[in-house]
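A.B. asks: just a sequence and a predicted model for now, questions to come.
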Amino acid sequence: MLWFEREVVGSLIASPDQSVRSSVESFVDGSLRDMPEHLRAGVIGETVLLGTYVAALRATGRLPSGDGEALLHQLDSWETSRIGVLRTYVRMMKSLVVFAENEYASEDAA
Amino acid sequence: MGDLTTDVLVIGSGAGGAITAAALATHGRSVTVVEEGPWIDADAMEPFSLEEMVAKYRHHGLAAALGNPAVAYAEGRCVGGSTEINSGLYHRLPDHLATEWQQIYGIDEFTPAALAGYADRVEADLSVSRVPGAPPASSAVLERGATKLGWRNVEFARVFRYDADGRGTKQTMSRTMLPRAVAAGATIVPDCRVQRLIRRGDRIVGVRCRRTHPGGGVEQLTIAADHVFVCGGAVHTPALLQRSGIRHNVGNGLKMHPTIKIAARFPHPVDHGDVPMHRVTEFSPFVAIGGSASRKGHIAMALSDTGAPFDDALADWENISTYYAAIRSEGSGRVLALPGLRSPLVTYALTEADLSRLARGLVHLGEMLLAAGATELHPSVVGGRIVRRLDELGSWWDQVTRARANLMTVHLTSTVRMGENRARTGADSFGRVWGYRNLRVNDGSLIPDAPGVNPQAAIMAIATRNCDQFLADGR
């Protein structure tokens, strides 16, 4: 995963449990690596653009640094964006994290 | 010429490939099956689990047909193909579609009566049956809701064998046809990706493959074959043909059943270990209503689709199950092999009528679930209203838009359509690829259009029929 992907995934994971967090990160990392190459290339391109945009927001004080909640709000706004690839990016990351987190949490509970 | 030599080479081991291998091997042919994915014990993993998704799904289940909106899809990538990961539901091809396709595409020997004979054989071979006793609660929901509304519904048969205690075992290809093929002398080569077919004039003389060994080593392999059956499914069959320079009506016309979902909350627990076997057929063939895999992860994913907080609902996940409305789409798509890349580009264009049909399907699904006693409905629509009463369903009509609908599918077909009408098809009536004497396709790619029901039964019946024709032809 690229640094911004890691940050997005980290902000989407709700569990404070370190083992669940690292299992989810590892699952998302593996899934991204296993994507069709052209889709992965597109996701990397978006990650770089969005990461740069977020860095610029932080540099200008319009987004608090190190604030996971602020990044989550930003992701929520992208999820309903009129730009299709932006919506798809957020939905994909959310789906991966939510599915894996709940599956790992169920395994732990069992 | 090759490292291996075989009479018949079957590429892919799913519903089409495994049936081909078993049919030809039991008739004394020398058969080799190459499968890109690994050979995994069918009992090794829990169905629909994350572990299974990592091990048996292509791309961990993370693939999409690009378009507006994109449609996520899942395929198996293991010995047995998608039969290892699907719900096992079995529904014969509707007679009116066989008749319609026979006329449009000029398919020989494709009457409903002829297909019924092949379906009978498949059903006997695979113990296709209905669940003994009462259906599980998640399936009874569909029956109850539809019956209350006076809608037609049916319990579908499944490719399951039940023991005396009523325990069912899915009759996947790795449990049935592939062992039968091996017993008759066939060889199965897992972890072996076919890179391209080797053409010589109007014949395929072999294939070039890349085999990965369990220890991590990689081996280039050439397999010489007298006859080649490509059975990689509707995405990877056309991609392989295109990579090999075969392009006439190959890869265009992709069809699917785009699917929209609801996570439905009930005042009582719902089972989560199986996929509901009932289907609401009131709106068939254009809209089919059924139930999906509903492990906790699936439910969380479905609840998250609206974008609203869902912690409260998730805490009650044992009372929630997911259901879907799948449409017979009038849109179509393409599969395109990209030079230098392993994965083809897949696109799909939904029409406005498709979107309208999806909205109608979602509203009907909501009606049915409320009639069945659901207390809260979470649609797979970003910003979609969480519905608790019948009079709230109307809001969904305007919410199912290209920007907001979350769609997926597991049924992909029609990328090398069959028939004698060369302008519309990539293969003849029995799957022989136009322009090649010994190259055949024998999987869901041949099905000329989306059938509106799970295509597994049609794939199996057509594959059986095509093998009979191949053998009768004395090839």
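C.D. replies: Structure's in. What do you need?
A.B. asks: mind naming the longest helix for chain A?
C.D. replies: Longest helix of chain A, by residue count under DSSP state H: helix A:84-109.
A.B. asks: for that one, packing partners?
C.D. replies: Helix A:84-109 is packed against helix A:3-12, helix A:18-33, helix A:37-59, helix A:68-79, helix B:50-56, helix B:296-304, with contacts defined by 3 or more CB pairs under 8 Å, 6 or more residues apart in numbering or on different chains; DSSP states H and E. (C-beta placed from N, C-alpha, C; glycine too.)
A.B. asks: and that helix, what's buried?
C.D. replies: Residues of helix A:84-109 classed as buried by neighbour count (16 or more other CB atoms under 10 Å in any protein chain shown): A:86-106.
A.B. asks: spatially central residue in chain B, please.
C.D. replies: The residue lying closest to the centre of chain B (CA atoms, centre = their mean) is B:His411, at 4.0 Å.
A.B. asks: that one reaches B:Pro455, doesn't it?
C.D. replies: Yes: between B:His411 and B:Pro455 there is a contact at 5.5 Å, judged by CB atoms under 8 Å.
A.B. asks: how close does the residue nearest to the centre of chain B get to B:Leu345?
C.D. replies: Distance of B:His411 to B:Leu345, computed by CB to CB, to the nearest Å: 20 Å.
A.B. asks: any regions of chain A where pLDDT drops low?
C.D. replies: Counting by pLDDT under 70, chain A contains low-confidence residues at A:108-110.
A.B. asks: once you drop chain neighbours, what's closest to B:His411?
C.D. replies: B:His257 (4.5 Å; CB to CB, 6 or more residues apart in numbering or on different chains).
A.B. asks: report how many residues lie close to that neighbour.
C.D. replies: B:His257 has 25 neighbours, counted by other CB atoms under 10 Å in any protein chain shown.
A.B. asks: doesn't B:Ala288 make contact with it?
C.D. replies: Yes: assessed by CB under 8 Å, B:His257 is found in contact with B:Ala288 at 7.5 Å.
A.B. asks: who touches both of the two?
C.D. replies: By the contact definition CB atoms under 8 Å, 6 or more residues apart in numbering or on different chains, B:His257 and B:Ala288 are jointly contacted by B:Ala326, B:Ile327, B:Arg328, B:Gly452.
A.B. asks: which ones among those are found in strands?
C.D. replies: Secondary structure from DSSP state E places B:Ala326, B:Ile327 of those in strands.
A.B. asks: same list (the shared contacts of B:His257 and B:Ala288) but as JSON lines, adding distance to chain A, neighbour count and pLDDT.
C.D. replies: Converted to JSON lines, the shared contacts of B:His257 and B:Ala288 look like this (distance: CB to the nearest CB, whole Å; neighbours: other CB atoms under 10 Å in any protein chain shown; pLDDT from 0 to 100):
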{"residue": "B:Ala326", "distance to chain A": "19", "neighbour count": "30", "pLDDT": "97"}
{"residue": "B:Ile327", "distance to chain A": "20", "neighbour count": "30", "pLDDT": "97"}
{"residue": "B:Arg328", "distance to chain A": "24", "neighbour count": "22", "pLDDT": "95"}
{"residue": "B:Gly452", "distance to chain A": "27", "neighbour count": "23", "pLDDT": "90"}
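A.B. asks: would CSV of the shared contacts of B:His257 and B:Ala288 with distance to B:Arg417 be doable?
C.D. replies: Converted to CSV, these look like this (distance: CB to CB, whole Å):
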residue, distance to B:Arg417
B:Ala326, 21
B:Ile327, 20
B:Arg328, 16
B:Gly452, 16
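A.B. asks: which of the shared contacts of B:His257 and B:Ala288 sits closest to B:Gly166?
C.D. replies: B:Ala326 (28.5 Å; CB to CB).
A.B. asks: tell me what the closest one is bridged to.
C.D. replies: Applying DSSP bridges to B:Ala326 yields these beta-bridge partners: B:Thr259, B:Ala288.
A.B. asks: put the alpha carbons of the longest strand anywhere in chain B into PDB.
C.D. replies: Under DSSP E, the strand in chain B containing the largest number of residues is strand B:218-230. Taking Å, rounded to 0.1, in the frame of the first residue of the first chain, the C-alpha atoms of strand B:218-230 are listed here in PDB:
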ATOM      1  CA  VAL B 218       8.100 -20.900 -12.100                       C
ATOM      2  CA  GLU B 219       8.300 -23.100 -15.200                       C
ATOM      3  CA  GLN B 220       7.500 -22.300 -18.800                       C
ATOM      4  CA  LEU B 221       5.600 -25.200 -20.300                       C
ATOM      5  CA  THR B 222       4.500 -26.100 -23.800                       C
ATOM      6  CA  ILE B 223       1.700 -28.600 -24.200                       C
ATOM      7  CA  ALA B 224       1.000 -30.100 -27.600                       C
ATOM      8  CA  ALA B 225      -2.600 -31.000 -28.200                       C
ATOM      9  CA  ASP B 226      -4.800 -32.400 -31.000                       C
ATOM     10  CA  HIS B 227      -7.900 -30.700 -29.700                       C
ATOM     11  CA  VAL B 228      -8.200 -27.700 -27.500                       C
ATOM     12  CA  PHE B 229     -11.300 -26.700 -25.400                       C
ATOM     13  CA  VAL B 230     -11.100 -23.200 -23.800                       C
END
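A.B. asks: quick revisit: as a markdown table, the helices and strands packed on helix A:84-109 with distance to B:Gly216 would be great.
C.D. replies: Shown next, in a markdown table, are those (distance: least, CB to CB, whole Å):
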| stretch | distance to B:Gly216 |
| --- | --- |
| helix A:3-12 | 26 |
| helix A:18-33 | 16 |
| helix A:37-59 | 21 |
| helix A:68-79 | 37 |
| helix B:50-56 | 17 |
| helix B:296-304 | 30 |
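A.B. asks: which residue lies closest in space to the residue of chain A found nearest chain B, excluding its sequence neighbours?
C.D. replies: Taking CB to the nearest CB, chain B has its nearest neighbour within chain A at A:Pro36, 3.4 Å off. Spatially, and ignoring its direct neighbours in sequence, A:Pro36 is nearest to B:Ser343 (3.4 Å; CB to CB, 6+ apart).
A.B. asks: assign the one you found to helix, strand or coil.
C.D. replies: Using DSSP: H, G, I helix; E, B strand; the rest coil, the structure places B:Ser343 in coil.
A.B. asks: next one: the one 4 residues further on
C.D. replies: B:Thr347 carries the three-state label strand when classified by three-state DSSP.
A.B. asks: residues contacting residue 9?
C.D. replies: If you meant another chain, say so; for now it's chain A. Under the criterion of CB under 8 Å, 6+ apart, the contact list for A:Val9 reads A:Met1, A:Val24, A:Glu25, A:Val28, A:Met93, A:Leu96, A:Val97.
A.B. asks: wait, chain B
C.D. replies: B:Val31, B:Thr32, B:Val34, B:Gly206, B:Val207, B:Ile223, B:Ala225, B:His227, B:Val228, B:Phe229.
A.B. asks: ditto for B:Asn438
C.D. replies: Contacts of B:Asn438 by CB under 8 Å, 6+ apart are B:Arg203, B:Ile204, B:Asp226, B:His227, B:Val228, B:Arg475.
A.B. asks: need the residues you listed in TSV (columns: distance to B:Gln171).
C.D. replies: Output for the contacts of B:Asn438, formatted as TSV (distance: CB to CB, whole Å):
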residue	distance to B:Gln171
B:Arg203	36
B:Ile204	31
B:Asp226	30
B:His227	27
B:Val228	27
B:Arg475	29
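A.B. asks: for B:Val207, what are phi and psi?
C.D. replies: Here is the backbone geometry of B:Val207 (degrees, to the nearest 10): phi -140, psi 150.
A.B. asks: wait, I meant B:Thr237
C.D. replies: phi -70, psi -50.
A.B. asks: isn't it up against B:Val228?
C.D. replies: No: assessed by CB under 8 Å, B:Thr237 is found out of contact with B:Val228, at 11.5 Å.
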